[in-house]
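Participant: Sequence and predicted structure are below.
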Amino acid sequence: MNHFSNIVKETLAVLALTLLCAFAAHATDHSERRHDARDTRQDSRQSARDTKQHCVVDDNKSNHHCRQDKRNTKQDGRQEARRIKY
């Protein structure tokens with residue numbers, strides 16, 4: 001009976017360690033995707049600023065149209081970040 005009890009304890013310990021390692025690997029992967037998505041959003045913000053600045057200077061559009069271009073650029077960046085994250 002004592003031998004069987006030791007086998008069960010060892011099996012449970014191995015199972016617990018396996019689950020712990022799997023959880024840590026999943027958390028790391030999720031963290032990397034979240035980081036990549038954040039970088040994408042930050043890049044799209046800067047791109048949106050540049051888009052608006054060029055719109056105002058080069059295209060002679062109204063401020064309304066330039067704001068809309070900026071919004072569209074930011075929205076595209078958010079969509080890309082969602083695609084990366086999920």
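Facilitator: Looks like it came in fine.
Participant: drop to CA atoms for contacts and neighbour counts, all remaining ones
Facilitator: Will do.
Participant: Could you check how many residues crowd around the residue nearest to residue 48 when sequence neighbours are not counted?
Facilitator: Of all residues not flanking residue 48 in the chain, residue 70 sits nearest, at 4.8 Å (C-alpha to C-alpha, 6 or more residues apart in numbering). The burial metric for residue 70, expressed as a neighbour count using other C-alpha atoms under 10 Å, is 23.
Participant: Other residues contacting the helix or strand that contains residue 70?
Facilitator: Applying DSSP states H and E as the criterion places residue 70 in helix 63-85. The contact list for helix 63-85, computed with C-alpha atoms under 8 Å, 6 or more residues apart in numbering, reads 30, 33-34, 36-38, 40-41, 43-45, 47-49, 51-52, 55-56.
Participant: What part of the protein, helix or strand, is modelled with the least confidence?
Facilitator: Least confident element among the helices and strands of the chain, by mean pLDDT, DSSP states H and E: helix 2-54 (a mean of 81).
Participant: Packing partners of that helix?
Facilitator: Identification of packing neighbours for helix 2-54 by 3 or more C-alpha pairs under 8 Å, 6 or more residues apart in numbering; DSSP states H and E yields helix 63-85.
Participant: Kindly provide the whole-number mean pLDDT of the helix it packs on.
Facilitator: For helix 63-85, mean pLDDT is 90.
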